[in-house]
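Q: Got a sequence here, can you model it:
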Amino acid sequence: MARRHPVRDRRRGAGVKEAVFEGATVIGAGAAGLAVAHALVKAGVAVQIIEKEDVLGEPWRRRHKHLHLNSHRDLSTLPGVAYPEGTPAFPSKHAVIRHLKEFTDTHRLPVEAGVAVDEIMFNGDHWAVQTNTGFRLTRHVVVATGRDRQPYIPEWKGTMEFTGRIIHSADFGDAKDYVGKKVLVVGAGNSGFDALNHLAGVNATRIWLSARTAPAILPKRIGKIAVHRLSPIIARLPLWLADAVITGLQRIAFGDLRRLGMAVPSSGGVSRLASENIAIATDDGAVHAIKNGKIIVLPTVREFTRDSVILADGSSVYPDVVIAATGYRPGLEHLVGKLGVLDGRGVPLFNSGMTDPKLPGLWFTGMRPNIRGCFANARIQAHAIAAKIRKLGPQPRS
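A: Residues are numbered from 1 along each chain as shown. Modelled structure (predicted):
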């Protein structure tokens, strides 16, 4: 008989599910959440999936209209479902949304939409998940809310006085909106190059790139070969060798970029991916635009004035729009911040099949980038978590 626990949501007076759910509650119905739910079902573990959005794939719907995966179609699927014939090699966000829906429908995954989680608490031998519909008691919690829930913009000095627009790259919008504009992109990571790739194809008056750190960059293709197809091989290499391969591919594709102001990274692309969660940038026209002078590489941003951005060397530029391609945060502090499981950047200290012995039953997936891409990584981590939970078996009751 399931354990009872007298938990009440006094703030809302909401109903309470008092019986402990002797399975796994998956929080988030994106690729990582759906993949782990499917793996758990196959492993014989009962699953409930809760999703704060009212529509599946809503975070993808909110992203800009030009968004495509940088991972290849054949390496970006969830188990048992393929993209329709004719899907481009690098699927659009609309293709991804359809894929998520087809996967959910095919495997009849029990997604409860419109259920937002306020906090996750440990009650000794099970978990209490506080939601907008009340408490849920569960043996296992898998947090799959994504590593890019909250767009991050640094608190640069003077931004409140700046009369131009400052937006995050997540709100890039339509590339045509930048025709005739002077645009400064801050950040040369994956999202920065995504913006630059689109800007390179429109007639902006001026495009600048300011980067705090030198990026590792790979082209989408070398000749007819989609570079991402090499990712399963690179992922199996020792870090030093994987770094050397990425550096070599970058040099073959682009030559020496130092003369254009693109410094050599202090560490290899795969090492930075593993240690700092900095994704390798994907080029689809931006490097050519840098080489022909359409995009000008600048020093780092120091501060803003009413009509300018002052750079680290004291020079200034006068953009109409500043696109902050400065990354995302998982935004997990309100969920698990009291549990001591986050590092200084708000990233979980453990991921995939790892867990904290003091907090049995708490799992995270999809919280760190991987060279294989988010879909392939979701599958790998799903199997790891499902195997660990299945091995634990039913929990003893006192």
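
Q: ok, and the closest non-adjacent residue to residue 180?
A: In space, residue 180 comes closest to residue 205 once its chain neighbours are excluded; the distance is 5.7 Å by C-beta to C-beta, 6 or more residues apart in numbering. Where C-beta positions appear, they are placed from N, C-alpha and C, glycine not excepted.

Q: and that neighbour, how many residues sit next to it?
A: Neighbour count for residue 205, taken as other C-beta atoms under 10 Å: 12.

Q: repeat for residue 306
A: 9.

Q: dump the residue contacts of it.
A: For residue 306, the contacting residues are 161-163, by C-beta atoms under 8 Å, 6 or more residues apart in numbering.

Q: Could you check how far it is from residue 162?
A: As judged by C-beta to C-beta, to the nearest Å, residue 306 and residue 162 stand 7 Å apart.

Q: now do residue 223
A: 44 Å.

Q: Could you do residue 93 as well?
A: Taken as C-beta to C-beta, the span from residue 93 to residue 162 is 30 Å.

Q: quick one: residue 189 and residue 278 touch, right?
A: Yes: contact criterion C-beta atoms under 8 Å: residue 189 and residue 278 qualify, at 6.0 Å.

Q: Which of the two has more residues huddled nearby?
A: Counted by other C-beta under 10 Å, residue 189 and residue 278 do not tie: residue 189 has more neighbours, with 23 against 20.

Q: Would you report the backbone torsion angles of residue 20?
A: phi -70, psi 130 (degrees, to the nearest 10).

Q: Near it, how many other residues are there?
A: 21.

Q: With residue 139 as the reference, measure out to it.
A: 6 Å.

Q: for residue 77, same thing?
A: Taken as C-beta to C-beta, the span from residue 77 to residue 139 is 30 Å.

Q: Which one of those two is surrounded by more residues?
A: residue 139 (23 against 17).

Q: any idea which helix or strand carries the more buried one?
A: strand 134-143 (DSSP states H and E).

Q: For that strand, which helices and strands make contact with it?
A: Here strand 134-143 touches strand 17-27, helix 31-42, strand 47-51, strand 127-131, strand 362-364, going by 3 or more C-beta pairs under 8 Å, 6 or more residues apart in numbering; DSSP states H and E.

Q: Is it possible to get a markdown table of those that adds mean pLDDT and distance to residue 393?
A: Converted to a markdown table, those look like this (pLDDT from 0 to 100; distance: least, C-beta to C-beta, whole Å):
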| stretch | mean pLDDT | distance to residue 393 |
| --- | --- | --- |
| strand 17-27 | 87 | 10 |
| helix 31-42 | 97 | 13 |
| strand 47-51 | 97 | 16 |
| strand 127-131 | 96 | 17 |
| strand 362-364 | 97 | 16 |
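
Q: Let's have those in a markdown table, adding distance to residue 236.
A: Converted to a markdown table, the helices and strands packed on strand 134-143 look like this (distance: least, C-beta to C-beta, whole Å):
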| stretch | distance to residue 236 |
| --- | --- |
| strand 17-27 | 28 |
| helix 31-42 | 21 |
| strand 47-51 | 30 |
| strand 127-131 | 35 |
| strand 362-364 | 23 |
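
Q: can you pull the contacts of residue 65?
A: Counting by C-beta under 8 Å, 6+ apart, residue 65 has contacts 173-174.

Q: Assign a three-state SS to it, would you?
A: Put simply, residue 65 is coil when judged by DSSP: H, G, I helix; E, B strand; the rest coil.

Q: For it, give me phi and psi.
A: phi -70, psi -20.

Q: Could you report the neighbour count for the closest residue to residue 92 other than its chain neighbours?
A: If the residues on either side of it in the chain are set aside, residue 92 comes closest to residue 68, at 5.2 Å by C-beta to C-beta, 6+ apart. Using other C-beta under 10 Å, residue 68 has 19 other residues around it.

Q: contacting residues around residue 68?
A: 88, 90-93.

Q: Of these, which is the nearest to residue 353?
A: Using C-beta to C-beta, residue 91 is the member of these that sits closest to residue 353, with 28.0 Å.

Q: Wait, that closest one touches residue 75, no?
A: No: at 11.0 Å, residue 91 does not count as touching residue 75 under the criterion of C-beta under 8 Å.

Q: More neighbours: which of these two?
A: Using other C-beta under 10 Å, the more surrounded residue of residue 91 and residue 75 is residue 91, with 23 against 17.

Q: how close does the more buried one sit to residue 65?
A: 14 Å.

Q: Mind jotting down where the strands sit in the stretch 51-200 of the chain?
A: 111-113, 117-122, 127-131, 134-143, 150-151, 165-168, 182-186 (DSSP state E, counting those that start in this stretch).

Q: again with the stretch 201-350 of the chain
A: With DSSP E, counting those that start in this stretch as the criterion, the stretch 201-350 of the chain has strands spanning 206-210, 217-219, 221-222, 225-226, 281-283, 295-298, 301-304, 309-311, 316-317, 321-324, 328-329.

Q: related to what we said a few turns ago, for the contacts of residue 68, give me a markdown table that also has pLDDT and distance to residue 184.
A: Formatted as a markdown table, the contacts of residue 68 follow (pLDDT from 0 to 100; distance: C-beta to C-beta, whole Å):
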| residue | pLDDT | distance to residue 184 |
| --- | --- | --- |
| 88 | 94 | 30 |
| 90 | 94 | 27 |
| 91 | 95 | 30 |
| 92 | 94 | 27 |
| 93 | 94 | 25 |
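
Q: Format those as JSON lines; extra columns: distance to residue 24.
A: Output for the contacts of residue 68, formatted as JSON lines (distance: C-beta to C-beta, whole Å):
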{"residue": "88", "distance to residue 24": "35"}
{"residue": "90", "distance to residue 24": "33"}
{"residue": "91", "distance to residue 24": "29"}
{"residue": "92", "distance to residue 24": "32"}
{"residue": "93", "distance to residue 24": "28"}
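
Q: could you pull out the helices for the stretch 201-350 of the chain?
A: Assigned by DSSP state H, counting those that start in this stretch, the helices in the stretch 201-350 of the chain fall at 231-235, 239-254, 269-276, 286-291, 333-336.

Q: Mean pLDDT added to these, as TSV?
A: Listed next are the helices of the stretch 201-350 of the chain as TSV, based on pLDDT from 0 to 100:
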stretch	mean pLDDT
helix 231-235	95
helix 239-254	93
helix 269-276	88
helix 286-291	95
helix 333-336	95
